[in-house]
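> I'll drop the sequence and a predicted model, then ask my questions.
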Amino acid sequence: MDITRYLPFMKKKAKSSKAPLSFKIYEKFPRVGFAIGIFIASFGILFLLMFPFLALTLPFDLYENVVNAKELKDWIDAGIQLVLISLGAAFSWAIYKLKFSLPSGLDVTKEKFPHLFKLIEELQSEFGNPKINRIIIHDKYEISVIKTPRSGMPFMNTTTLIIGLPVLQTMSPLYFRALLARRIGQLSTKHTPVSTRLYFLNNIWAQFKISSKRSKNKLTKVLSYFFQIYSPLYQKMLMPLIQEEELEADSYGMDIINVDDMNECIVYDEVVGQFLKNKFWPKIYHMAKRSKTPEFTPYAQITKVVKAGITDSEISETIQVALKVEMHNPAPVPSLVKRLNHLGHVKPLPPKRLSQTAADYYLGSNLGKIIQLFDKHWVTKIKKKL
């Protein structure tokens, strides 16, 4: 299949667009952009540490001021310090009591899923055995790593590797290994240790934003105003760095498969993701609305539909659209052009036809039960929405 014949504009230079300020700074002055990222991250951490600092250090000054108080001004200063100590202690307790929800899904263990677990162990060994606390199979099309704070500070986290069942059902074993290597490699912080930590902080701050907003504690509600502003600002200002980390993740994938296969994997991942988002799931929900009891269960059919629906023309049309996305698209995942440029390729390579899925290869006889479980859960969820 020669998909390049559908892409006449590939020979032309991509149109330039007006880059956001954060991208301009990062491209012209990368060290300055990196320093800004560290400063913004430090600001959030120092904000949280400020309250226990006040609660723990001011009592010593308060004692000194009370003992040596002679004038009204001294007693006023002592009163102010007492208020600050009280506020520091109260907010410290509110931060400590923040509750963070772990991602939900089907737990992956060595006993239940030996082949998948073995693959993960092999990739961990390849990248220096980064720690993973939980592995789950999720219902979304994604492979991601989420670090969930164990308390109100972003230092001690529970690391969850999330593997989307739709990824397993639509990817070949080769492409799946590469996509999994991207995330496990990131955890190793092998290539860019500091910026990778800044990358994971983006999601951690988003969790602070959600948790503080949901809390019933009035003081935590006050904190939520800070995170409603800080979390989006962090993502916006560090977007160039976040995209660079996604490109580094592609490099980890190339530690496992060759560059041409990685090119195909990126292209196919883009095509499948867009197909599910724009065609498969809208059709599923449309059919569900027409019937009180959904008859077409998605996870039982997704592989079959993808094999039939992703034709040569579907691939070429999706790629044409993806290649028109500007280089400075302000989204966490870089544009297809940017990712292909990072690989050193000028044009996308046609992905291999899907014959055996990663789900068949790594889940084996358990696949049928998993599909039934996820379809049952989906039906229950969709009934509540309809």
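It's in.

> so where does the nearest residue to Phe280 once chain neighbours are set aside fall, helix or strand?
Excluding the flanking residues, the one nearest Phe280 by Cβ to Cβ, 6 or more residues apart in numbering is Val305, at 6.0 Å. For the C-beta atoms, the positions are set from N, CA and C on the backbone; glycine is no exception. Using DSSP states H and E, Val305 sits in helix 298-309.

> Could you export whichever helix or strand comes after that helix as PDB, CA atoms only?
The helix or strand immediately downstream of helix 298-309 is helix 312-323, counting by DSSP H and E. In PDB, the C-alpha atoms belonging to helix 312-323 read as follows (Å, rounded to 0.1, in the frame of the first residue of the first chain):
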ATOM      1  CA  ASP A 312      -6.300   2.400   2.700                       C
ATOM      2  CA  SER A 313      -8.400   5.400   2.000                       C
ATOM      3  CA  GLU A 314      -9.300   5.800   5.700                       C
ATOM      4  CA  ILE A 315      -5.600   5.800   6.500                       C
ATOM      5  CA  SER A 316      -4.800   8.300   3.900                       C
ATOM      6  CA  GLU A 317      -7.600  10.700   4.800                       C
ATOM      7  CA  THR A 318      -6.800  10.600   8.500                       C
ATOM      8  CA  ILE A 319      -3.100  11.200   7.800                       C
ATOM      9  CA  GLN A 320      -3.900  14.100   5.500                       C
ATOM     10  CA  VAL A 321      -5.900  15.800   8.200                       C
ATOM     11  CA  ALA A 322      -3.200  15.000  10.900                       C
ATOM     12  CA  LEU A 323      -0.400  16.400   8.800                       C
END
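
> Could you tell me the angle between the helix or strand just after helix 312-323 and helix 312-323?
Sequence order places helix 336-343 as the next helix or strand after helix 312-323, per DSSP H and E. Calculated by axes from the mean of the first three to the mean of the last three Cα atoms, to 10 degrees, helix 336-343 forms an angle of 90 degrees with helix 312-323.

> Mind listing what's buried along helix 336-343?
Leu336, Val337, Lys338, Arg339, Leu340, His342, Leu343 (16 or more other Cβ atoms under 10 Å).

> Stretch 222-232: which residues count as buried?
Within stretch 222-232, the residues that count as buried by 16+ other Cβ under 10 Å are Leu223, Ser224, Phe227, Tyr230, Ser231.

> In helices only, show me the residues you listed.
If you go by DSSP state H, these have Leu223, Ser224, Phe227, Tyr230, Ser231 in helices.

> Would you reformat those residues as TSV and include pLDDT?
Shown next, in TSV, are those (pLDDT from 0 to 100):
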residue	pLDDT
Leu223	92
Ser224	94
Phe227	96
Tyr230	97
Ser231	97
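
> Which one of the residues you listed is nearest to Met254?
Nearest to Met254 among these: Ser231, at 31.7 Å, using Cβ to Cβ.

> isn't the closest one right up against Ile204?
No. In this structure, Ser231 is not within contact of Ile204 by Cβ atoms under 8 Å, at 9.3 Å.

> lowest-confidence helix or strand of this protein?
Taking mean pLDDT, DSSP states H and E as the measure, the chain has helix 72-96 as its least confident helix or strand, at a mean of 86.

> what about that one, distance to the chain center?
Its chain's C-alpha centre and that of helix 72-96 lie 38 Å apart, by Cα atoms, centre = their mean, to the nearest Å.

> Does it pack against any helices or strands, and if so which?
Of the remaining helices and strands, those touching helix 72-96 by 3 or more Cβ pairs under 8 Å, 6 or more residues apart in numbering; DSSP states H and E are helix 30-67, helix 218-237.

> Which residues in the longest one does the neighbour count mark as buried?
Read that as helix 30-67. With burial defined by 16+ other Cβ under 10 Å, the residues of helix 30-67 counted as buried are 33-34, 36-37, 40-41, 44, 48, 51-52, 54-55, 58, 62, 65.

> Farthest-apart pair in those residues, please.
By the measure Cβ to Cβ, Gly33 and Asn65 form the most distant pair in the buried residues of helix 30-67, at 44.1 Å.

> Could you report the neighbour count for Pro130?
The number of residues packed near Pro130 is 18, by other Cβ atoms under 10 Å.

> so what's the closest residue to it other than its chain neighbours up against?
Distances taken as Cβ to Cβ, 6+ apart put Leu187 closest to Pro130, at 3.6 Å, once the chain neighbours are dropped. Contacts for Leu187 were tallied using Cβ atoms under 8 Å, 6 or more residues apart in numbering; they are Phe127, Pro130, Lys131, Ile132, Val145, Thr159.

> what's the closest of those residues to Lys118?
When the contacts of Leu187 are ranked by distance to Lys118 (Cβ to Cβ), Ile132 comes first, at 14.0 Å.

> Just confirm the closest one is within a helix.
No. Ile132 sits outside any helix when classified using DSSP: H, G, I helix; E, B strand; the rest coil, being coil.

> what's around it, how many residues?
By the criterion of other Cβ under 10 Å, Ile132 has 18 neighbours.

> tell me the centre residue of this structure?
Compute the mean C-alpha point of the chain, and by Cα atoms, centre = their mean the closest residue is Ser144, 5.4 Å away.

> which residue of this protein sits farthest from its center?
Within the chain, Lys70 marks the point farthest from the mean C-alpha position, 57.6 Å out by Cα atoms, centre = their mean.
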